[in-house]
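Engineer: when you get a sec, could you give me coordinates for this:
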Amino acid sequence: MKILSVEFIRSCYDSEQFPRDRLPEVAFVGRSNVGKSSLINSFLHRKQVAKVSRTPGKTQAINFFRVKTTGPFPGGFYVVDLPGYGYAKVPKSVRAQWEPLIESYLTKRSELRGVLWLLDARGVMGNDLHTFEWLNSTGRRIVVVATKVDKLSRGEWNRSLRTVRESLGLPQAQGVIPYSSVTHEGREALWRAIREMERGHR
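Structural biologist: Residues are numbered from 1 along each chain as shown. Presented below is the predicted three-dimensional model:
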């Protein structure tokens with residue numbers, strides 16, 4: 001598979017601003033500072049298509065990136081970057097605008113094919129569990145991705161993934177994709193997961 005093009009389309013603060021061309025969409029969801037922007041850049045083989053910041057809460061809108069490849073969704077699809085949840089250092093008034101927009105997008109958007117849900121491989125937090133339960137209640141296809149595995153030794157990596165599975169109560173058939181934005185470990189597994197989303201919608 002080859003990535004032909006990646007184009008930032010727009011930042012949306014209201015559902016009326018969402019693209020209307022009916023292309024399939026894949027959403028990236030995760031706690032603030034989980035490494036979502038770095039992962040998107042790694043996944044798309046780009047350095048700065050998604051802006052990376054050390055400040056939690058940098059993503060303050062729903063961002064759409066149009067991607068064309070020779071692989072899944074041959075007509076193109078959108079990578080959708082959602083604001084992080086948790087301890088984002090942004091005003092409550094801004095978070096109050098995010099929440100209904102994000103909830104509406106994840107529950108009602110017909111173009112959405114699935115959610116890549118990111119959490120730090122080094123530990124599951126309380127708001128991760130609440131978010132996972134809520135995401136599962138939407139009926140969307142959820143792919144669990146453990147980020148920053150490069151910060152763990154191989155032995156710690158295996159123990160961490162086992163803990164993640166147990167904490168989330170995942171069935172044996174539902175795996176966790178380990179990912180490193182530094183080494184790009186997990187990139188091909190993520191693309192395979194998106195191919196499955198395509199097949200599941202045919």
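
Engineer: what residue of the chain is the furthest out?
Structural biologist: Of all residues in the chain, G155 has its C-alpha farthest from the mean position, at 25.6 Å, by Cα atoms, centre = their mean.

Engineer: what's near enough to touch that residue?
Structural biologist: Counting by Cβ atoms under 8 Å, 6 or more residues apart in numbering, G155 makes contact with nothing. Backbone N, C-alpha and C define where each C-beta goes, glycine included.

Engineer: go through the helix or strand where it lies and flag the buried ones.
Structural biologist: For G155, the host element (DSSP states H and E) is helix 154-168. In terms of neighbour count (16 or more other Cβ atoms under 10 Å), helix 154-168 has its buried residues at 157, 160-161, 164-165, 168.

Engineer: next: stretch 191-202.
Structural biologist: With burial defined by 16+ other Cβ under 10 Å, the residues of stretch 191-202 counted as buried are 191, 193-194, 197-198.

Engineer: for stretch 15-35, same thing?
Structural biologist: So, applying 16+ other Cβ under 10 Å, buried residues of stretch 15-35: 18, 23-35.

Engineer: same question, stretch 116-127
Structural biologist: For stretch 116-127, by 16+ other Cβ under 10 Å, it's 116-121, 124.

Engineer: what's the first helix or strand after the helix or strand of the chain with the lowest mean pLDDT?
Structural biologist: Lowest by mean pLDDT, DSSP states H and E among the helices and strands of the chain is helix 92-108, with a mean of 76. Downstream of helix 92-108, the first helix or strand assigned by DSSP H and E is strand 112-120.

Engineer: related to what we said a few turns ago, kindly indicate which of the buried residues of stretch 191-202 lies nearest T69.
Structural biologist: Of all these, T69 sits closest to W191, with 8.5 Å by Cβ to Cβ.

Engineer: give me the three-state assignment for that closest one.
Structural biologist: Classification of W191 using DSSP: H, G, I helix; E, B strand; the rest coil returns helix.

Engineer: any idea how far K148 is from it?
Structural biologist: Separation of W191 from K148 (Cβ to Cβ, to the nearest Å): 20 Å.

Engineer: ok, now R187?
Structural biologist: To K148, R187 is 14 Å away according to Cβ to Cβ.
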